[in-house]
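Student: Using only what follows, build the 3D model:
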Amino acid sequence: MKIEYDKDIPNALRHSIKQEIKQSGIKECDCGCDEIYVTLIETDRIDVKCYDCGKSYFELAIEKDDSDT
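Tutor: Below you'll find the predicted structure:
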């Protein structure tokens, strides 16, 4: 499964996000897509969704370190 990240998501968080996605067991969307897009929806929340159709799998609360910005 390929994961694309919004440019606003710090690199330091990407490994942790990837682990959460793996633990969730997402394999493929109902539309047949096996790509995930991770986007920042608020300063402390991300949305994990299908890259093609936009179906949201789940949201995660994140803690951004101010030194990352």
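Student: wait, what's in contact with Q23?
Tutor: If you count contacts by Cβ atoms under 8 Å, 6 or more residues apart in numbering, Q23 has none. Heads up, the C-betas are built off the backbone N, CA and C, glycines and all.
Student: After the helix or strand containing it, heading C-terminal, what element do we hit next?
Tutor: Here Q23 sits within helix 11-24, counting by DSSP states H and E. Following helix 11-24 in sequence order, the next helix or strand is strand 35-42 (DSSP H and E).
Student: what pLDDT does P10 get?
Tutor: Note for P10: predicted pLDDT of 88.
Student: for it, phi and psi?
Tutor: P10 adopts backbone torsions of phi -60, psi 140, taken as degrees, to the nearest 10.
Student: In space, what's closest to C50 - neighbours in sequence excluded?
Tutor: Nearest residue to C50 in three dimensions, chain neighbours excluded: C29, at 4.1 Å (Cβ to Cβ, 6 or more residues apart in numbering).
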